[in-house]
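>>> sequence and predicted model, in that order:
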Amino acid sequence: MFSFHYNMFCKQVCAVCAEVHVPDHISRMADIGGYDGNNRTTLLLCLPELVLFVMSIYSGSKALANITIPAFLAVCNSCLLMKRIGLCFLHKTIMFSDPFGWLVHGILGLTILGVLKTDPTYHNDGYFWMYVHIVCLGAIFMFIEINKDILKLSKTKLLFYNYIFSVFVFAPCSYLLGDAAEAVNFQHLSLYRFYFGCLFSGVFGVLLNLYHIKLQDSKLSAYGESICIAQIVASVVSVPLFHFSMTKQHAMWIVANQLSAVFIASYCKSKHTEPKQTSQGEKS
């Protein structure tokens with residue numbers, strides 16, 4: 001019902017805003033993305049997702065400024081729990097139709113609480129932006145899931161729109177929010193390694209997103225596990241690269257969290273492949 005009303009709302013917005021002037025330079029950039037339809041309509045339909053993407057970038061960077069990478073990735077796994085709850089309400093399925101699935105997701109939630117409680121460097125502002133980041137990621141997933149029938153865009157094109165929109169938003173907002181003024185006092189501002197690191201991180205982030213899309217399109221059977229294992233590798237590599245304090249109890253909760261995420265990915269894959277295997281057995 002919500003999806004139907006939103007679809008009707010989008011159609012009305014497009015009809016009313018048919019004369020809205022989208023700047024020509026944005027339209028030309030949209031053409032570079034390979035979209036052949038009405039760019040104004042496409043930008044209007046994607047606007048909520050574009051805003052959420054920008055908010056996720058900003059909140060994620062704010063969170064990482066005060067939270068260690070292992071803790072950040074561990075808390076980010078709460079998106080798995082949000083995804084399951086969201087799909088349950090969206091498709092109107094019985095919440096306890098899969099008790100074991102809910103059990104493992106509940107264990108994941110407990111490990112997240114353990115990570116939060118035992119973090120020796122707990123920072124209120126950092127975790128506030130962490131929560132905003134998680135909510136934005138969950139909202140992006142639900143928005144795309146609800147409106148997948150009207151968002152006629154490939155994942156690569158949507159990623160292109162996201163980056164273009166973020167440039168036009170962050171350029172003025174960096175001055176309005178005071179981030180540009182604070183950057184002047186950054187102690188490594190005069191070092192070339194700082195600018196090289198910024199450029200490298202941006203390019204590397206784009207390449208990671210493109211490779212992530214490629215993995216999704218390839219329908220790799222171990223796609224979910226590969227993402228979770230990549231998080232484990234990133235957490236391990238960050239320990240010698242960055243100096244931060246970590247207690248044994250905090251490390252144990254992070255390990256339990258990451259292993260729970262791998263198990264959930266493997267369990268969800270087996271649940272999706274089980275009907276296919278049984279149907280093949282019936283045919284034989």
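Right, received. Where do you want to start?
>>> low-confidence ranges, the stretch 101-250 of the chain, go.
Within the stretch 101-250 of the chain, the stretches with pLDDT under 70 are 180, 187-189, 219-221.
>>> is it true that residue 256 touches residue 111?
Yes - with contact defined as Cβ atoms under 8 Å, residue 256 and residue 111 form a contacting pair (4.7 Å). Heads up, the C-betas are built off the backbone N, CA and C, glycines and all.
>>> who's more crowded, these two?
residue 111 (24 against 18; other Cβ atoms under 10 Å).
>>> may I see the buried residues of stretch 228-237?
For stretch 228-237, a neighbour-count test (16 or more other Cβ atoms under 10 Å) marks 228, 231, 232, 235 as buried.
>>> do the same with stretch 236-249
Those would be residue 246, for stretch 236-249 by 16+ other Cβ under 10 Å.
>>> stretch 45-65 now?
45-46, 49-60, 62-63.
>>> what about the residue lying closest to residue 100 once chain neighbours are set aside, which helix or strand?
For residue 100, ignoring the flanking residues on the chain, the nearest one in space by Cβ to Cβ, 6 or more residues apart in numbering is residue 267 at 7.8 Å. Using DSSP states H and E, residue 267 sits in helix 248-283.
>>> from the chain's centre, how far out does the helix or strand encompassing residue 85 sit?
Using DSSP H and E, residue 85 falls within helix 78-90. Helix 78-90 sits 14 Å away from the centroid of its parent chain (Cα atoms, centre = their mean, to the nearest Å).
>>> list the helices and strands whichever strand or helix holds residue 171 packs on?
Assigned by DSSP H and E, residue 171 falls within helix 155-176. Packing contacts for helix 155-176, counted by 3 or more Cβ pairs under 8 Å, 6 or more residues apart in numbering; DSSP states H and E, involve helix 24-32, helix 39-64, helix 179-183, helix 192-218.
>>> out of the ones you listed, which comes closest to residue 129?
Between residue 129 and those, the tightest spacing by Cβ to Cβ is seen for helix 39-64, at 3.8 Å.
>>> the closest one: what's the following helix or strand?
helix 69-76.
>>> quick one, that following helix and helix 39-64 angle?
130 degrees (axes from the mean of the first three to the mean of the last three Cα atoms, to 10 degrees).
>>> and helix 69-76, average pLDDT?
Averaged across helix 69-76, pLDDT comes to 94.
>>> centre of the chain to that helix, how far?
13 Å.
>>> go through that helix and flag the buried ones.
69, 70, 71, 72, 73, 74, 75, 76.
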